[in-house]
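Trainee: Sequence and predicted structure below; questions after.
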Amino acid sequence: MTGVPNKGHRARPPDGAGQAPLLVAALLVALCGSPALAQQERWNPFRDDWSAPAPPRSDRRSAGSPRGAAAQRDVGQTQPAMNAPFAGFVDEVERGELAPVPGAATGAQGSENAASSLAALLDGLELPLRSPALSVLFRRVTAGIADATPHLVALKAEALWRAGLLAEGDELFGRNPAADRDARLLALRARYDLALGRHDRACAAARAANARRAELAPALRAEMITAQGYCAAAAGDKPGAGLAAGLAREEGSVPAHTLAALEAVAYGQKLRPSADDRLSPLDYRLLRLTGAAVAPELAERAEPALLAALVLSPQTGPELVVAAAEAAARANAIGPARLAEAYRRPAFAADVLTQPLAAPIAPVLRRALLFQVAETERSSLRKARAVRALADEARRNGLYLPVLAMLAGPVEAMAPTQEIGWFAETAVEVLLAAGRFERAASWAAFGGIERRGAEGLSHWLALIDIADRAPAWRRGEYLAALEELALRGRFGAEALVRLATVLDALDYQVPVRLWEAAARNPQPGGYLPETGVLSELQGAARSGDRDRTVLFAIRTLGPAGPEGAHVIALADTIRALKQVGLEADARRIGFEALFAGWPRTVHN
């Protein structure tokens, strides 16, 4: 690749250097299988209980390692990787773009046990997912699982609802015209139609579901009674809304604030929503009927499904749509492309666009303004300043990865010049977050021309190497830059341990001094799943069951995703995904685990 330095250095241990660590490794590997691992004082960088005993570290290679060969023998045959692994992160995932999930249709084709197992895994997930990489995998797997039974369709619809993926869930009902014959699917269709503003269809489905309410679980039955009360109130039938409120109260499963909103509509009362109420799309529709004010702050307490509904609705005001889109992006209910659409919705005066940092606008709109400047500004210097200002705003507000990925279009159109040499590292971050690896590497090479040594950008080339399934240079080419930064203390203790963990899980030949520096740090904390999940993850990977592997990987990493997972959970997840042919996704998870703590020269 043009412009990427190739210094030809790969850090290798001196002869015999790996023998001493190996003596320690034998003891530590034995200890690592214990449930008491989380209480160990020292982190063990040599843990490896996968597929086959690990060879001596000095014998490892980044490609064709003995452990990798053993893993392939366990699976039987390495399965092909998914196409366009980052498409779901940068843009909305369309079903037609998804590669099929091998084994995902097993339940539809005769294995009731497999279908029940998948259903249990779907039902037990903690949603929404805070990791873009896991969100892409989740959408891919749910799309690939065949709609074998009404029960499985309903579980998929429930899971997609909890994740805030309204478009994907709504598509389920379009693919299942026989859903009207199942009471639970009728109720769920009413829920989706109500969220998406299809009032007449929602009320018809709610009436049909209520006619078969005995077939519904208590919570869903109470929800349908409340929905029918909303429909009555919207039609001007206040006595009908009051009757529904009474029936819903008797059910006992309706949230207190939802019931209060329905009663306020039925009896003409004023309503002051509590700041602690978690609002669903049904709550929002009831609030609108009561005449309660709907401010942008509502997004802070909205469920993911409501956030997605607000973003998709053309009737949502500019301030609320921006606030909802940002909250939905944090929950990965929408991708960067949808966030960009929301940022384009507000209209700003010409003088505001020329002075974005000094403009007197509502705080919720400032990031939208900076994005519009980044898209429309012709001056490279002003564009770079807008991008950097927006990235800083996003980092402070928990939006760093989605906003960086959203900015890939404006940054990719920029040419590296001396005038904006200071912008090179930001450009690398943006393009790396969006999966534009070749352009990211070019900017890193350009930035390194004037930043030698400790101030160079070679360590970003190492992170590109980790994230990219097929870099344009030899694997591990820039690990020496990481070793240098580690020895200079540029990595925090936890970041250094995570770096060594990710490199080892991806089968890099890790520089010995980097290993030693990581091993000197205490074992970091983080999320560990309940007993048995790691074993189930490994078993699913060894059997080549890709969809179960993905669902167990989501459970293994936990609610905070790769960045908040324990290093053992992180390493096992990366290895499992690689073993079932999902190397690109495994690398994305490794990238997410490292990105926040990566050494930066601009704002670290």
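Mentor: Yes, it's here.
Trainee: Which parts of the chain belong to which domain?
Mentor: For the chain, automatic domain parsing gives the domain ranges 1-77+460-604, 88-299, 346-450.
Trainee: mind checking which of those is nearest residue 311?
Mentor: When those are compared by Cβ to Cβ, domain 88-299 sits nearest residue 311, at 9.1 Å. To be clear about C-beta, it is placed using only N, CA and C from the backbone, and glycine gets the same treatment.
Trainee: picking that back up, possible to save the domains of the chain as a markdown table with distance to residue 336 and mean pLDDT?
Mentor: Shown next, in a markdown table, are the domains of the chain (distance: least, Cβ to Cβ, whole Å; pLDDT from 0 to 100):
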| stretch | distance to residue 336 | mean pLDDT |
| --- | --- | --- |
| domain 1-77+460-604 | 14 | 74 |
| domain 88-299 | 6 | 86 |
| domain 346-450 | 4 | 94 |
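Trainee: need the ones you listed in CSV with mean neighbour count, can you?
Mentor: Listed next are these as CSV, based on neighbours: other Cβ atoms under 10 Å:
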stretch, mean neighbour count
domain 1-77+460-604, 19
domain 88-299, 19
domain 346-450, 19
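Trainee: closest to residue 324 out of the ones you listed?
Mentor: Taking the domains of the chain one by one with Cβ to Cβ, domain 88-299 is closest: 4.5 Å.
Trainee: which stretches of the stretch 501-604 of the chain form helices?
Mentor: Applying DSSP state H, counting those that start in this stretch to the stretch 501-604 of the chain gives helices spanning 512-519, 533-542, 546-557, 567-579, 583-595.
Trainee: how about these, which one is nearest residue 188?
Mentor: helix 546-557 (20.6 Å).
Trainee: now for the closest one, which elements pack on it?
Mentor: Applying 3 or more Cβ pairs under 8 Å, 6 or more residues apart in numbering; DSSP states H and E, one finds that helix 546-557 contacts helix 112-123, helix 132-144, helix 533-542, helix 567-579.
Trainee: Including distance to residue 162, could those helices go into JSON lines?
Mentor: Below are these laid out as JSON lines (distance: least, Cβ to Cβ, whole Å):
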{"stretch": "helix 112-123", "distance to residue 162": "10"}
{"stretch": "helix 132-144", "distance to residue 162": "11"}
{"stretch": "helix 533-542", "distance to residue 162": "20"}
{"stretch": "helix 567-579", "distance to residue 162": "21"}
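Trainee: Quick one, which of those helices gets closest to residue 215.
Mentor: helix 112-123 (18.1 Å).
Trainee: and the gap between residue 426 and residue 462?
Mentor: 18 Å (Cβ to Cβ, to the nearest Å).
Trainee: mind putting the helices of the stretch 501-604 of the chain in TSV, distance to residue 217 included?
Mentor: Output for those, formatted as TSV (distance: least, Cβ to Cβ, whole Å):
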stretch	distance to residue 217
helix 512-519	49
helix 533-542	26
helix 546-557	23
helix 567-579	32
helix 583-595	34
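Trainee: Out of these, flag the one nearest residue 227.
Mentor: With distances scored as Cβ to Cβ, the stretch of the helices of the stretch 501-604 of the chain nearest to residue 227 is helix 546-557 (30.2 Å).
Trainee: what about stretch 448-464, how long is it end to end?
Mentor: The first residue of stretch 448-464 is 15 Å away from its last residue (Cα to Cα, to the nearest Å).
Trainee: could you say which helix or strand contains the residue of the chain most remote from its centre?
Mentor: Seen from the C-alpha centroid of the chain, the residue lying at the greatest distance (Cα atoms, centre = their mean) is residue 239, 45.0 Å away. In the assignment (DSSP states H and E), residue 239 maps to helix 238-251.
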